[in-house]
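In: A predicted structure for the sequence below; I have some questions about it.
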Amino acid sequence: MTAPGPEWIGSLIAAHPSLFREGSLFEFAVGEGWKGILTDLCAALEGLCRTDLMVVQVKEKFGGLRFYIQWDQLSPEDGQEAAGDRVDELIRAAEAKAWDTCESCGAPGETKRMSTLCPACRARFQREQAAFDQDEADLVDADSYVAASIARDLRAAREQAGLTLDQLAHLVDRPEALVRAVEQGETETSLEYVDAVLRACAIGG
Ligand SMILES: [Zn+2]
């Protein structure tokens, strides 16, 4: 069966056709750092030779590994009950190991702020986050820079035309308070307003 996502997940699924059956798996989304844990777990589960056992979901939640299966716990065959205990045991052990394993690179890790990472990967993610935040801040700065620049241009145009705020307000048919606020960069303006002011200043000049 094929699953979208990284190649290692596709290979793991392909290597265990008895665990990952067509239509049974609806999510497999964890970082490659847990590849070793999942490779061992799948091999161990397959070793139990339970034909009723299917993996339905593998994911990360609050920094922990979640491995969900579907199986027939009430199978009447001899020895099946004991094997069932072993299934739980293997899954719990893998999930416990993931709490101490970096989900990104597989090095010893620690769970903090709902993610399990080693110090190096955590620092890298924090740097990437900081760079992203800085980009966002730069965008905001660019917006206010443009607003301030429009405000200056409009004021310069009015002064060059020798118009007072009151006269310009009259010409563009807007309240004087608005004309003043726009020139001080205190309010957003439209292209239409900028056009009206520049036309009025051209006439006034
Ligand atoms: Zn790491």
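Out: Received it, and whenever you're ready, just let me know what you need.
In: and G162, how many neighbours does it have?
Out: 10 (other CB atoms under 10 Å). Every residue, glycine included, has its C-beta placed from N, CA and C.
In: so which helix or strand takes in E46?
Out: helix 35-47 (DSSP states H and E).
In: Touching the next helix-or-strand element following that helix from outside, list them.
Out: As assigned by DSSP H and E, the chain's next helix or strand after helix 35-47 is strand 54-61. By CB atoms under 8 Å, 6 or more residues apart in numbering, the residues outside strand 54-61 that reach it are 19-21, 24-31, 38, 42, 65-71, 103.
In: Relative to T164, how far out is the closest residue to V172 other than its chain neighbours?
Out: Counting by CB to CB, 6 or more residues apart in numbering, the nearest residue to V172 once its immediate chain neighbours are dropped is A196, at 4.5 Å. When distances are taken as CB to CB, to the nearest Å, A196 and T164 turn out to be 17 Å apart.
In: Of the two, which one has the most company?
Out: Counted by other CB under 10 Å, A196 and T164 do not tie: A196 has more neighbours, with 16 against 12.
In: can you narrow the contacts of strand 54-61 to ones near the ion?
Out: For the ion, no contacts are drawn from the contacts of strand 54-61 by CB under 5 Å from the ion.
In: Nearest residue to the middle of this protein?
Out: For the chain, the residue lying nearest the average C-alpha position, counting by CA atoms, centre = their mean, turns out to be Q129 (10.6 Å).
In: tell me what the helix or strand where it lies is packed against?
Out: Under the criterion of DSSP H and E, Q129 resides in helix 119-160. Counting by 3 or more CB pairs under 8 Å, 6 or more residues apart in numbering; DSSP states H and E, the packing neighbours recorded for helix 119-160 are strand 115-117, helix 176-183, helix 191-204.
In: any idea how far that helix is from the chain center?
Out: Once both centres are worked out by CA atoms, centre = their mean, to the nearest Å, helix 119-160 turns out to sit 21 Å from its chain's centre.
In: Can stretch 104-120 be said to contact the ion?
Out: Yes: with CB under 5 Å from the ion as the threshold, stretch 104-120 lies in contact with the ion, specifically through 104-105, 107, 118.
In: which intervals of the protein have sub-threshold pLDDT?
Out: 1-4, 73-83, 204-205 (pLDDT under 70).
In: Quick one: name the residues of the protein near the ion.
Out: Residues of the chain lying close to the ion (CB under 5 Å from the ion) are 102, 104-105, 107, 118, 121.
In: Just the buried ones from those residues, in PyMOL syntax?
Out: Entered in PyMOL, the line below selects the buried ones among those, by 16 or more other CB atoms under 10 Å:
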select buried, resi 102+104+118+121
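In: Which pair of the residues of the chain next to the ion spans the longest distance?
Out: The most widely separated members of the residues of the chain next to the ion are S104 and A107, with 8.6 Å between them, by CB to CB.
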